[in-house]
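Chemist: coords below, sequence missing:
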């Protein structure tokens with residue numbers, strides 16, 4: 001059953017991600033699932049990621065030898081999954097926005113597990129209304145996600161970062177790992193975003209540049225090479241290694257003023273080995289500890 005606390009944060013009594021069992025009132029971070037994949041244009045299934053990650057997280061240790069810290073020491077509440085109307089994109093985004101806004105207003109960090117990448121738009125909108133024109137976005141992904149429309153639709157997993165860039169303003173979006181997109185998207189990026197092709201080079205300079213700004217961080221897990229992360233809707237060969245990505249997310253979450261973040265595009269049913277879900281769980285653990 002879902003409960004709504006005095007601050008409007010939806011909290012469900014369900015299986016929690018490992019060590020994320022603090023009461024919502026005591027939490028610094030509110031983790032919640034956004035099981036939505038209605039605009040997936042190739043292989044759907046990311047709606048099942050939040051529950052798969054919770055279940056498989058119990059195979060993890062809570063201690064991170066990479067950071068010499070333990071998730072048990074952190075104040076995280078897993079609020080469960082939002083009940084989203086599949087097929088009703090704007091209504092789903094509105095529910096995501098409401099949850100993220102309630103978390104922000106309570107002085108906590110909203111951390112969303114997708115779902116497809118479009119879910120970022122709802123959470124970012126809530127953070128933008130809270131933090132205003134100083135808000136910046138770091139985007140790690142295989143794809144530009146800068147189309148103006150897909151199949152005549154403006155709100156799509158392939159258009160989400162363009163909508164976000166239009167919201168925030170020019171040169172406030174920093175993109176890394178990008179290795180796929182239409183020529184027009186890369187041309188649009190030259191004028192409106194800061195895009196780094198193929199890898200994570202330039203991330204350290206970006207972190208230095210964004211110190212003091214409120215930052216939203218969105219991680220599309222297909223940034224990983226599909227040889228280590230095949231369980232995603234649109235795999236793109238040529239990606240970064242797990243070790244490279246883990247180092248990057250620890251730096252971003254540990255050194256910047258992160259006011260909201262998400263991890264998206266795991267489709268657990270597309271990798272029956274469970275390796276992709278395991279990678280997603282471990283990345284999430286490291287992000288939560290670093291935050």
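Modeler: Looks like it came in fine. Worth saying up front: this structure is predicted, and the values here are computed from it rather than measured.
Chemist: Could I get the buried residue list for the one helix or strand residue 91 maps to?
Modeler: Assigned by DSSP states H and E, residue 91 belongs to helix 89-105. For helix 89-105, the neighbour count (16 or more other CB atoms under 10 Å) marks 89, 92-93, 95-104 as buried. No exception for glycine: its C-beta is placed from N, CA and C like everyone else's.
Chemist: same check, this time on stretch 18-26
Modeler: Buried residues in stretch 18-26, counted by 16+ other CB under 10 Å: 18-20, 22, 24.
Chemist: ok, now stretch 127-137?
Modeler: 127-128, 130-131, 135-137.
Chemist: For that stretch, give the mean pLDDT please.
Modeler: For stretch 127-137, mean pLDDT is 98.
Chemist: For the buried residues of stretch 18-26, work out which two are farthest apart.
Modeler: Farthest pair in these (CB to CB) is 18 and 24. Separation: 17.4 Å.
Chemist: what about residue 267, how many neighbours?
Modeler: Neighbour count of residue 267, defined by other CB atoms under 10 Å: 28.
Chemist: just checking, it touches residue 230?
Modeler: No: counting by CB atoms under 8 Å, no contact exists between residue 267 and residue 230, whose distance comes to 9.4 Å.
Chemist: follow-up on the earlier one: could you give the mean pLDDT of the helix holding residue 91?
Modeler: For helix 89-105, the mean pLDDT works out to 97.
Chemist: what do you get for stretch 181-199?
Modeler: Across stretch 181-199, pLDDT averages out at 97.
Chemist: Now do it: everything it contacts.
Modeler: 143-147, 161-162, 165, 170-171, 173-179, 202-203, 206, 238, 240, 244 (CB atoms under 8 Å, 6 or more residues apart in numbering).
Chemist: In strands, which of these appear?
Modeler: Mapping these onto strands (DSSP state E) picks out 173-178.
Chemist: Out of the buried residues of stretch 18-26, the closest to residue 116 would be?
Modeler: Checking these against residue 116 with CB to CB, the nearest one is residue 20 at 22.5 Å.
Chemist: Sounds good, over and out.
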